[in-house]
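Asks: Could you look at this predicted model? Sequence included:
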Amino acid sequence: MKKDIDKVEVPEKLLIIVRGLPSSGKTTLTKILLAFGGESICSDDYMTMPDGSYQFSRQGFIESHKTCQQDCETLMQKNISPIIIHNNMGEAWEAEKYFELANNYAYSPMVLNLYDAGLNDSELASRSIHSMPQHLIQKVRQKWDIDIFPHRRKNTPNQNTNLHILKRFQH
């Protein structure tokens with residue numbers, strides 16, 4: 001069966017958010033998408049030293065996310081498309097600024113959710129190029145928001161709400 005890609009309407013200005021647990025394939029997918037053009041931004045890039053080593057710190061993490069958002073806005077001001085953000089974004093609040101920027105600059109947001117790529121936490125940890133321990137991957141998984149689109153979240157309770165209530169009763 002022949003598929004006609006020419007019939008697919010691609011927005012003139014597209015923001016693609018690639019999200020998933022650590023080591024789920026976000027960077028790999030982003031590299032594939034970049035073959036069609038555009039620019040990518042990832043918070044991990046700002047914590048990678050010139051010698052290629054990765055240095056995580058809480059303050060560095062916070063700063064790298066702020067820099068990602070600033071760089072995204074700069075690319076939007078230049079009308080670059082697509083812009084691909086590939087960060088974990090496990091919780092909806094982590095993506096809020098990108099949706100706000102998309103709205104302000106008339107970009108169409110698209111979310112590609114890899115979640116865990118069918119892998120368990122041990123498998124994800126073993127693939128991690130940043131030596132992410134399994135217990136931290138589990139933490140991200142436990143806080144995972146299924147839907148991060150702001151317009152849908154206003155009327156939809158966080159799917160983890162019941163989990164938080166259950167944890168209170170366990171103690």
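Replies: Cool, the structure landed.
Asks: Excluding chain neighbours, what is closest to M132?
Replies: Once flanking residues are discounted, M132 sits nearest to P22: 4.4 Å by C-beta to C-beta, 6 or more residues apart in numbering. C-beta here means a position set from N, CA and C on the backbone, and glycine is covered the same way.
Asks: contacting residues for the one you found?
Replies: For P22, the contact set (C-beta atoms under 8 Å, 6 or more residues apart in numbering) comprises 88, 124, 128, 130, 132, 136-137, 140.
Asks: mind running it again at 7 Å?
Replies: By C-beta atoms under 7 Å, 6 or more residues apart in numbering, the residues touching P22 are 88, 124, 128, 132, 137, 140.
Asks: Between the two ends of stretch 73-93, how far is it?
Replies: Start to finish, the residues bounding stretch 73-93 are 17 Å apart (C-alpha to C-alpha, to the nearest Å).
Asks: Likewise for stretch 19-34?
Replies: So stretch 19-34: terminal residues 16 Å apart, C-alpha to C-alpha.
Asks: Show me the shaky parts of the protein.
Replies: Along the chain, the parts satisfying pLDDT under 70 run over 1-5, 45-49, 52-58, 60, 153-171.
Asks: And the strands in it?
Replies: 14-20, 39-41, 83-86, 108-115 (DSSP state E).
Asks: could those go into TSV alongside mean neighbour count?
Replies: Shown next, in TSV, are those (neighbours: other C-beta atoms under 10 Å):
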stretch	mean neighbour count
strand 14-20	22
strand 39-41	19
strand 83-86	26
strand 108-115	16
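Asks: Alright, calling it a day.
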